[in-house]
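> curious how this folds, go ahead:
(one chain, ligands or ions: 1)
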Amino acid sequence: MEVLLGSRRLTVGSKQLGLLTDSSDFLGQNEQLRSRMAADGYLLLRGLLDPGDIAAARIHLLQNLAANDQLDTSVSLSEAVIKTGAHGAFLGGRTDVSHAQPVLRVVEASELFGFFSGFLGHDSLTFDYKWLRVVGTNGFTGAHYDIVYMGRGTQELYTCWIPLGDVSYDLGPLAVLVGSHRLESYQRIRDTYGRMDVDRDNVDGWFSSEPLEIAEKYGGQWCTAEFTAGDVIVFGMYTMHCSLVNTSNRFRLSCDVRFQRSDEPTDERWIGEHPIGHYAWGKKPGVTMNDARERWKV
Ligand SMILES: O=C(O)CCC(=O)C(=O)O
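Here you go, the predicted structure:
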């Protein structure tokens with residue numbers, strides 16, 4: 001299967017783009033899950049969530065997109081075919097859409113709290129802000145560490161990426177740069193880019209929009225997978241990740257959420273009735289990542 005990673009056309013299952021390892025068999029075995037996370041930087045957990053709940057959240061979102069004239073309604077709504085001229089949207093926040101009951105039932109599912117409480121060895125909490133994404137044709141996310149967006153609380157914070165429906169390769173699933181969180185060759189990136197805060201520093205958030213460039217220079221392997229409704233992938237703040245390019249004519253729907261121990265400090269931007277979010281980032285001309293990387297020598 002050929003896919004697009006940035007501008008590079010790659011074969012899934014190759015040296016440049018491997019397959020994610022499924023850790024679902026370890027569910028309930030928290031020591032094993034922690035070792036796997038320490039080694040790989042991520043956990044792919046298939047079937048953690050109820051596919052029926054995912055379907056209900058998906059329909060809710062699709063109805064909203066249809067009402068906003070974003071979908072080709074000559075085909076079944078469930079296909080999420082993009083209306084000519086319509087684009088993707090970032091529907092993140094604590095909004096009527098992200099906090100509608102069917103969506104909340106997925107992104108704050110008891111299975112997620114149960115998983116994280118076991119994995120973290122303590123009651124868990126989740127940020128009120130939800131990163132709900134509707135990704136259109138040619139849309140993708142560049143390679144980055146999440147710490148640059150949400151690093152003001154505990155560093156023992158985890159992202160959980162939840163596809164709202166099946167995500168085949170052509171829809172642009174998540175990809176992870178295995179090794180980027182622990183290899184010595186990434187130390188300087190962790191010590192420079194990894195200490196950045198986009199609101200404080202007003203630098204681009206993506207380390208690169210050409211993910212392969214990073215692996216070629218610093219090592220590790222990009223890995224991805226097709227996702228089925230109910231699957232999730234969990235990863236830490238220093239795991240470089242991105243998405244493949246959506247090369248289809250359908251929207252890719254997903255939501256990424258954050259979990260941590262409830263007794264650790266939280267990043268105030270993402271908590272509360274009206275999370276303030278990125279209050280400064282991008283509000284005035286900032287530093288490009290190219291300039292920042294030149295300065296950091298990475
Ligand atoms: O869904 C995407 O395209 C990107 C998701 C992401 O960057 C994240 O989950 O942290």
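> could you point out the longest strand in this protein?
Longest strand of the chain, by residue count under DSSP state E: strand 252-261.
> can you list the strands that that one pairs with?
Strands flanking strand 252-261 in the sheet, each with its direction: strand 124-126 (antiparallel), strand 131-135 (antiparallel), strand 157-163 (antiparallel) (DSSP bridges).
> with distance to Trp222 and mean neighbour count as added columns, please give those in JSON lines.
Quick note: C-beta positions are derived from backbone N, CA and C, even for glycine. Putting the strands paired with strand 252-261 into JSON lines (distance: least, C-beta to C-beta, whole Å; neighbours: other C-beta atoms under 10 Å) gives the following:
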{"stretch": "strand 124-126", "distance to Trp222": "28", "mean neighbour count": "20"}
{"stretch": "strand 131-135", "distance to Trp222": "18", "mean neighbour count": "23"}
{"stretch": "strand 157-163", "distance to Trp222": "15", "mean neighbour count": "24"}
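> interface residues of the stretch 101-250 of the chain facing the ligand?
Taking C-beta under 6 Å from any ligand atom as the contact definition, the stretch 101-250 of the chain meets the ligand at 133, 135, 141, 146, 159, 161, 174, 241, 243.
> who's in contact with the third one?
Which is Thr141. Under the criterion of C-beta atoms under 8 Å, 6 or more residues apart in numbering, the contact list for Thr141 reads 206, 241-243.
> quick one: buried ones out of those residues?
Neighbour counting over the contacts of Thr141 (16 or more other C-beta atoms under 10 Å) leaves 206, 241-243 as the buried ones.
> list just the nearest of those to the ligand.
Ser243 (3.7 Å; C-beta to the nearest ligand atom).
> that closest one pairs with what?
Counting by DSSP bridges, the residues bridging with Ser243 are Leu174.
> measure how buried the closest residue to Arg261 other than its chain neighbours is and give me the count.
Distances taken as C-beta to C-beta, 6 or more residues apart in numbering place His122 nearest to Arg261, at 4.4 Å, with adjacent residues excluded. Per other C-beta atoms under 10 Å, the neighbour tally for His122 reads 15.
> where exactly do the strands run in this protein?
Taking DSSP E as the criterion, the chain carries its strands at 2-5, 8-11, 17-19, 42-45, 89-90, 124-126, 131-135, 157-163, 174-178, 221-224, 232-236, 241-243, 252-261.
> for those strands, give me a markdown table that also has distance to Met150.
Rendered in a markdown table, the data for those read as follows (distance: least, C-beta to C-beta, whole Å):
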| stretch | distance to Met150 |
| --- | --- |
| strand 2-5 | 24 |
| strand 8-11 | 28 |
| strand 17-19 | 27 |
| strand 42-45 | 17 |
| strand 89-90 | 16 |
| strand 124-126 | 12 |
| strand 131-135 | 10 |
| strand 157-163 | 7 |
| strand 174-178 | 17 |
| strand 221-224 | 23 |
| strand 232-236 | 12 |
| strand 241-243 | 14 |
| strand 252-261 | 7 |
